[in-house]
Each structure stands twice: as structure tokens, then as C-alpha cells.
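Sequence and predicted structure below; questions after.
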Amino acid sequence: MNKYIKNQKGLALPVVLILGMIIILLGFTAMDLTDNQTLMVNRQQQQEKALHYAEAGVYRYINYLNDDNNFYNTQASADLADPTAFESGYYEIHITAPTTAEPVVTIRSTGWTKSTPDITKTVEVKVHKRQFVQNIFCTNDEGDAWWVQGDEVHGPLHTNGQLHIDGTSGRGSTGPIFDDAVTYAGATPELRQGTESFPDGYPKKANPLVFPATNSSLKTLAQNGGIYREGRTCIYLNGNSLTIRNKKGPAETLSLPDNGVIYVDGGTGDNKWNNLTQGDVFISGQLNGRLTIAAANNIYIADRNTTQNWANSGTSNSGLTYADNSANSDDMLGLIAGRYVYILHRGWPGFGSYNYSTNQTNTDVAPSNITIKAAIFALNGSFSFEDYDNGLKGIITLSGSITQKVRGAVGTFDQWSGNSVSGYEKNYYHDERMLYDMPPHFLEPMNSGWEIRSWQEN
């Protein structure tokens, strides 16, 4: 009986079968794992390629912006919402244009490969470019000027030099008030502590905004698709047209130039009446459109039509205004002088055989109050009221931006009483559209470029 119990020959086959089944199952499992791993690796590779294509779309779009700051407003930009072939895949780009609330261009780029269009990667990038006009005030040098009590700065301010802030004296009882960001590239601000106020934070150190040497780039544009003149030129804006009078020639009525640029060439100097060859501009009127006016020498802002003699120049037209004053207005004016931008104080340009005597040349033609809507750039000088320390005026109401090599004066005041003694008082506000927009071909900082503010991968 024991010999039957000890006989195990019948167990070999089941064991072999079980082991075989285990080996087969392990093989299938290994194959399945290998396939899954291959799929995962392949999917990861496709995702990496998709991300690469999405990033390529972003950088290509930034290149387009480098060529044209307003590219996001073009049909070519809108067309990028359709798939664009790149290497072995595609990308498509959707843009959110800047606003005053968020003055950045938002680029949303999605990429995928040809072989796996269901595997996509998206990056959302916000880009911004530093410009002079993003500040209500921008100076290369503050000189000896002080911000004092009574001064209110309604918009960002930047200087490449040193700020001088006095909260202990001035023409008011409080201030100066800086209600937006204040930045400087020079020495730490000189501060006389008192009633000064920085609601948006104390001045911060920042990189300089490098001034260009000349405005000659606008000369080239004016000669190719714009309006180009040489010597003293008077311009009266009349909506979407203008009247222009060069030297002692006849007045012409022209449409706004196609590329939005006027350049007046000529010599430089201070003798604005006896030298018809100086590159001076005398400007007034109301604009309906987008225009940049540049002069080799000075620009003089008047209150009446300077293309006519004073006797025929009409009534006050408030200086320089826009036809549309709404928040969504497209009207925008730029004034770029090779030297100074002045509010015209005394005298009037003569035409033909009509010349003024010395007394008439000294006639005060500046209005009591003046409105200026423009981005102003005094490249190698200042924005100022001519002869600002002679004669008491009212208020300059300015909406736009002022960029100047050295901060200029528009009036004087008694530091003890705080009362104005001469010139104008200031009521300046930043045109918030200039946080992301500017007049056509307006000068940019030499160190300006599109900066990535945020980068998010989805």
C-alpha cells in the first residue's frame, strides 16, 4: 500500500501546465507593460513636440510685435488663429489685446503634431514693452526743478536722473501727490519730508529709458508716405484734414498723411521770426485721426490758426484738442521737437509782405487757459511756456504725456504765499490709452524691447 502512496509520477504534468500558464501570463503582462510604456513614452514625446510648437508660435508672434507694435490690431494677427504649419506640426495663436485695465498683449498659443492632433499643449504669455508715453512725465534729467506742495501727478512718472521732492513748501498746503508709480534711474531722490504723498508706493529704482539721439527716423518716414517740408511751417488741424503753410508760401489744404507722419526739416536756433529756414512748427486745431508731427528745431503750440495772420486767425480754439474725447477714441497726436516744445507766448508768424513791427512781435498771443491733448517729446530741450516768468496766466489742462531731456517750467510762484506769480498753473493727466498705445511711429527708448511679464503652461 505504501508503494502506491509514494508514486508521484501523476503530479508532473499539472505542475508543468501551471508553470507554463504563469510564464505565459507573465509574458503577456510584460508585453502589455511594454506596450503601455511605449505609448506613454510616445505620448510624452508628442506632448514635448506640441509644447515646442506652441512656444515657437509665441516667439514668432513677439518677432511680429518687434516689427510692428500694433501688430495685434492687424488682419495678419487675426489670421494666426488658423493653424500654421511648423516643422512636423502646427500652432495656432489667439490674442487678447491690451486695455487700460491690463496693458499687456496676451498671447495664447496651442501646438500639436501632424500625427497626433488630439495631443495638444498650450502656453499663455503676457508681454509688455516699456515706452516713454507710458508716463505722464518722463525726463532724462530733472535739473534743479523741485516737486512741491500743490503739485499733483496724475499718472506714472519716470526720470533717468534724480528726483527733488519738497513736502514743506510750495503754492499749496499739501503735496506733492504722486498718485501712480514713480521710478528713477539716477541717485536716490532728494526729499524734504513734509506733506508729500505716494499712494502707489515710494519711488523705486528702475532701468533708464535711453533717449534716441535724433528724430531723423521720422524724416525718412515723412519723405516716404508722409508730409515733408523745410523751414518755418504753420499747421492748423481741422478734423481729418489740415491746412499747412510753409515759409511765406500759400496755404494748402491736405488730408492726413497715409503713414501719419509730418516732418519739418531745417536749421536750429532760437530766432523764430527772422529765420525762415529754421525747422520750426506752429501748431493748433482739432484732430480727428492719428498723427505725429516732428520738427528739426522747435514746436510752438498756439491757440489760434497760425496759417493766417493774427487779424484773420479766428477766435480761440482751446489749443490742441481731439474730435472724439471718449475713452475708446482713436484720436491721438504726437509732437516731437528736436529741441523744445513751447506754448507760444509772444508774436505771430507773418506771411507775404505782411510783417509785424517790434511792438506787434511782442504782442501777448497766449490765451488765459489752454488745453493740450498730445504726447509731447522735447528731445534735446524741455516742454515750457515761452517767457514763463513774464505775465500771469491761468491753467494748462493737458491730457497725454510729456517726455523731455530736462524738466522745463511753465510758471513761477511765491514760495512763501504759494500764489502764482507768472505763467500757468498745471492740470496734467496721463492719457491711459498710452499705457499700451502711442501716436504713429512715436520715438521709442533705445533699450526698449518686448518683455515677458508672465508665462503659464496648460
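Sure thing, it's come through.

just for the chain, where's the confidence low?
Under the criterion pLDDT under 70, the flagged ranges of the chain are 1-13, 15-17, 20, 25-41, 351-361, 418.

To what extent is the closest residue to residue 192 other than its chain neighbours buried, counted in neighbours?
Spatially, and ignoring its direct neighbours in sequence, residue 192 is nearest to residue 166 (4.4 Å; CB to CB, 6 or more residues apart in numbering). C-betas here are computed from N, CA, C, even on glycine. If you count neighbours by other CB atoms under 10 Å, residue 166 ends up with 21.

And residue 447, by the same measure?
Other residues within reach of residue 447, judged by other CB under 10 Å, total 10.

That one: which element?
Here residue 447 is covered by no helix or strand, with elements defined by DSSP states H and E.

From residue 197, how far out is it?
31 Å (CB to CB, to the nearest Å).

Over to residue 310?
Here residue 310 is placed at a distance of 44 Å from residue 197 (CB to CB).

which one of the two has more residues nearby?
Under the criterion of other CB under 10 Å, the comparison of residue 310 against residue 197 puts residue 310 first, with 17 against 13.

Just read off the phi/psi values of the closest residue to the more buried one other than its chain neighbours.
In space, and not counting its chain neighbours, residue 310 is closest to residue 348: 4.3 Å by CB to CB, 6+ apart. Taking degrees, to the nearest 10, you get phi -150, psi 140 for the backbone angles of residue 348.

what are the bridge partners for residue 375, then?
residue 334, residue 401 (DSSP bridges).

list the buried ones in stretch 191-208?
Neighbour-count burial for stretch 191-208, with 16 or more other CB atoms under 10 Å as criterion, is recorded at 194, 195, 196, 198, 203, 208.

The fifth one contacts residue 183, doesn't it?
Yes - here residue 203 reaches residue 183: they are 6.6 Å apart, a contact under CB atoms under 8 Å.

Touching, residue 82 and residue 92? I think so.
Yes - Residue 82 lies in contact with residue 92 (CB under 8 Å); the separation is 6.4 Å.

neighbour-wise, which of these two wins?
Remark: of residue 82 and residue 92, residue 92 carries more neighbours, 19 against 9, as counted by other CB under 10 Å.

my guess is that one is in a strand, correct?
Yes - the assignment for residue 92 (DSSP: H, G, I helix; E, B strand; the rest coil) places it in a strand.

what are the bridge partners for it, then?
Beta-bridge partners recorded for residue 92 (DSSP bridges): residue 110.

Name all residues that make contact with it.
Contacts of residue 92 were listed using CB atoms under 8 Å, 6 or more residues apart in numbering, and they are 57, 80, 81, 82, 83, 84, 109, 110.

Next: residue 324.
288, 330, 331.

Of the residues you listed, which is the most crowded?
Most neighbours among the contacts of residue 324, by other CB under 10 Å: residue 331, with 21 neighbours.

I figured it was touching residue 256, is that so?
No - using CB under 8 Å, residue 331 is not in contact with residue 256; the gap is 10.9 Å.

Please, where are all the strands along the stretch 101-250 of the chain?
In the stretch 101-250 of the chain, the strands defined using DSSP state E, counting those that start in this stretch lie at 105-113, 120-129, 137-141, 147-149, 152-153, 157-159, 164-170, 177-178, 182-184, 190-192, 204-205, 227-230, 233-239, 241-246.

so which of those comes closest to residue 429?
Closest approach to residue 429 among the strands of the stretch 101-250 of the chain (CB to CB): strand 152-153, 9.5 Å.

Centre of the chain to the closest one, how far?
Relative to its chain's centre, strand 152-153 lies at 20 Å (CA atoms, centre = their mean, to the nearest Å).

Tell me which other helices or strands that strand touches.
On a contact count with 3 or more CB pairs under 8 Å, 6 or more residues apart in numbering; DSSP states H and E, strand 152-153 meets strand 177-178.

Apply 10 Å and report the result again.
For strand 152-153, the packing partners by 3 or more CB pairs under 10 Å, 6 or more residues apart in numbering; DSSP states H and E come out as strand 177-178, strand 420-430.

Of those, give the one that comes closest to residue 220.
Closest among these, using CB to CB: strand 420-430, at 29.7 Å.

Determine the set of other helices and strands touching the closest one.
Helices and strands touching strand 420-430, by 3+ CB pairs under 10 Å, 6+ apart, are strand 152-153, strand 370-378, strand 383-385, strand 392-406, strand 411-413.

Turn the ones you listed into JSON lines, columns for mean neighbour count.
Formatted as JSON lines, the helices and strands packed on strand 420-430 follow (neighbours: other CB atoms under 10 Å):
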{"stretch": "strand 152-153", "mean neighbour count": "20"}
{"stretch": "strand 370-378", "mean neighbour count": "24"}
{"stretch": "strand 383-385", "mean neighbour count": "24"}
{"stretch": "strand 392-406", "mean neighbour count": "21"}
{"stretch": "strand 411-413", "mean neighbour count": "18"}
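
Identify whichever of those lies nearest to residue 239.
Of all these, it is strand 370-378 that lies closest to residue 239, at 14.1 Å by CB to CB.

Alpha carbons of the closest one, as PDB, please.
What follows is strand 370-378, C-alpha atoms only, in PDB (Å, rounded to 0.1, in the frame of the first residue of the first chain):
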ATOM      1  CA  ILE A 370      -5.100 126.400 -22.800                       C
ATOM      2  CA  THR A 371      -6.000 122.700 -23.500                       C
ATOM      3  CA  ILE A 372      -3.400 120.400 -24.900                       C
ATOM      4  CA  LYS A 373      -4.100 116.800 -25.900                       C
ATOM      5  CA  ALA A 374      -1.000 115.100 -27.100                       C
ATOM      6  CA  ALA A 375       2.100 113.100 -26.400                       C
ATOM      7  CA  ILE A 376       4.900 115.700 -26.200                       C
ATOM      8  CA  PHE A 377       8.600 114.900 -26.700                       C
ATOM      9  CA  ALA A 378      11.300 117.600 -26.400                       C
END
